[in-house]
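[1] starting from these lines, generate the structure:
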Amino acid sequence: MMNESSISKIQDSALAEISKTNNTAELENLRVVYLGKKGSFTALMKELGSLDADQKKIFGAKINIVKEKIIDAFEKRLIILKTQESEKRYASEKIDISLPVRSYITPAENGSPHPITATSKELEKIFSSMGFTIADGPEVETDYYDFQALNMPLTHPARDMQDTLYTNSGNVMRTQTSAVQARFLEKMKPPFRIVCAGRCFRCERIDAFHSHTFYQMEGMLVDKNVTVGHLLYFMKTLLKEIYGTEQKIRLRPGFFPFVEPGFELDIWYSDRWVELLPCGLVHPELFNCAGLNPNEWQGFAFGLGLSRLAMTRYQVPLLRYLDDSDLRFIKQFPRTLPK
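    Purely as a prediction, here's the structure:
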């Protein structure tokens, strides 16, 4: 006969058995015993039909409360058991990648950072210590950011010196990392300092110091009351840090549409002057294009020849050696990046 004691007994029994299940299969069998078509609660509901209306209301409510408690206990236990089974499966399927290679396989050799990579990482460290943010931009650039936003409209003759590769859509393989400057002038509020290293492309005649593909590191500082003196200070600090000693340099006038005045900074290398670092004060037109007031903000910019710097630093005689896939060349250099 149905009473509160019999209902409580089913609840206590079910909860105790649920807590002791060891896997999802056991839990499913137990669910059928209590909640299945021939389970305990189905039997209670059949018995409920023989009671009068008042008793049906009282015991029906109690049965539903107990049933909800048991369903909730099943669901919580199922989550726990599934998690345990997944962890066991993952542990059994885990591959030990630390196992030594088989004897018939030649052990892999540790690689060496490329001279350009090592130089770039060290430069980023130096500039970061001077408050510069490391920026980045696309190699496939729009004509606007590669030329027009840098004060080189469609008819500007300076474009001829940087003739390069174009895509069918009219985009250009960037000729200089200066395009990153144009992008950051638009989206960053001054004052700011950024540097960006990357690959560039131009129609260049290949010789000891030139190639159609090369690497630059572009930098820009925008603030108030910026002068050529600030530019020289940062450039001298950079070269002293990268070479370890003061370097013999010279600054001569140079034309670049996006700086005014513009300079060529040369370094004395192998008994001759080598062009290394075009630089200058940011042209007011760049500030106008970015919606900034050139009477309020000034800045300097530079385009460091990363490939040439790597050449002079590691005593590489020809630029093309840096692009060749000759492992004998790479293995000559340190196996770790500069710290």
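[2] show me what G280 is bridged to.
    G280 has the following beta-bridge partners by DSSP bridges: G262, A301.
[3] burial count for it?
    23 (other C-beta atoms under 10 Å). Yep, even glycine has a C-beta here, placed from its N, CA and C like the rest.
[4] over to Y144?
    Residues near Y144, counting by other C-beta under 10 Å: 14.
[5] and it, how far from A182?
    Going from Y144 to A182 by C-beta to C-beta, to the nearest Å gives 8 Å.
[6] got it, and R313?
    From R313 over to A182 (counting by C-beta to C-beta), the distance is 29 Å.
[7] now do M152
    11 Å.
[8] who's more crowded, the two?
    Neighbours of M152 and A182, each counted by other C-beta under 10 Å, are more numerous for A182; the result is 24 against 20.
[9] check which element follows the one helix or strand the more buried one maps to along the chain.
    Assessed by DSSP states H and E, A182 sits inside helix 178-187. Next helix or strand after helix 178-187 toward the C-terminus (DSSP H and E): strand 192-201.
[10] which outside residues touch that following strand?
    The contact list for strand 192-201 (C-beta atoms under 8 Å, 6 or more residues apart in numbering) reads 120, 123-124, 127, 130-137, 139, 164-165, 173-177, 180-181, 184, 188, 212-222, 306.
[11] from those, which land in helices?
    If you go by DSSP state H, the contacts of strand 192-201 have S120, L123, E124, F127, V180, Q181, F184, L306 in helices.
[12] now for the fifth one, how many residues are close by?
    If I follow you right, that is V180. Counted with other C-beta under 10 Å, V180 comes out at 25.
[13] and R205, helix, strand or coil?
    Assigned by DSSP: H, G, I helix; E, B strand; the rest coil, the conformation of R205 is coil.
[14] for S211, see how far away it is.
    For R205 relative to S211 (C-beta to C-beta), the value is 9 Å.
[15] which residue ranges of the chain form strands?
    With DSSP state E, the ranges of strands along the chain come out as 133-134, 140-141, 172-173, 192-201, 213-223, 249-253, 259-269, 272-282, 298-305.
[16] low-confidence stretches in the stretch 201-339 of the chain?
    Applying pLDDT under 70 to the stretch 201-339 of the chain picks out residues 335-339.
[17] export the ones in helices among the contacts of strand 192-201 to CSV and tack on distance to Y34?
    Shown next, in CSV, are the ones in helices among the contacts of strand 192-201 (distance: C-beta to C-beta, whole Å):
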residue, distance to Y34
S120, 67
L123, 70
E124, 65
F127, 69
V180, 67
Q181, 72
F184, 66
L306, 73
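[18] just to revisit the earlier point, need the strands of the chain in TSV (columns: distance to L35).
    Output for these, formatted as TSV (distance: least, C-beta to C-beta, whole Å):
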stretch	distance to L35
strand 133-134	61
strand 140-141	62
strand 172-173	68
strand 192-201	64
strand 213-223	69
strand 249-253	85
strand 259-269	79
strand 272-282	75
strand 298-305	74
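[19] please name whichever of those is nearest to A91.
    Judged by C-beta to C-beta, the one of the strands of the chain that comes nearest to A91 is strand 133-134, at 40.3 Å.
[20] pLDDT of that closest one, averaged?
    Across strand 133-134, pLDDT averages out at 91.
[21] quick one: distance of it to the chain centre.
    Once both centres are worked out by C-alpha atoms, centre = their mean, to the nearest Å, strand 133-134 turns out to sit 13 Å from its chain's centre.
[22] packing partners of it?
    On a contact count with 3 or more C-beta pairs under 8 Å, 6 or more residues apart in numbering; DSSP states H and E, strand 133-134 meets helix 115-129, strand 192-201.
[23] could you find the closest non-adjacent residue to C203?
    Of all residues not flanking C203 in the chain, D163 sits nearest, at 4.4 Å (C-beta to C-beta, 6 or more residues apart in numbering).
[24] count the residues that sit near the one you found.
    12.
[25] repeat for G137
    For G137, the count of nearby residues is 18 (other C-beta under 10 Å).
[26] thought it was touching A179?
    Yes: applying C-beta atoms under 8 Å, one finds G137 in contact with A179, separated by 5.9 Å.
[27] who touches both of those two?
    Y145.
[28] returning to what we had before: out of the helices and strands packed on strand 133-134, the one nearest E75 is which?
    Nearest to E75, of these and by C-beta to C-beta, is helix 115-129 at 52.1 Å.
[29] can you list the buried residues in that closest one?
    P115, I116, T117, A118, T119, S120, E122, L123, E124, I126, F127 (16 or more other C-beta atoms under 10 Å).
[30] next: stretch 224-243.
    Judged by neighbour count (16+ other C-beta under 10 Å), stretch 224-243 contains these buried residues: V226, H230, L231, L232, F234, M235, L238, L239, I242.
[31] taking the mean pLDDT, what do you get for the top helix by length along the chain?
    Criterion DSSP H: the longest helix present in the chain is helix 53-93. For helix 53-93, the mean pLDDT works out to 84.
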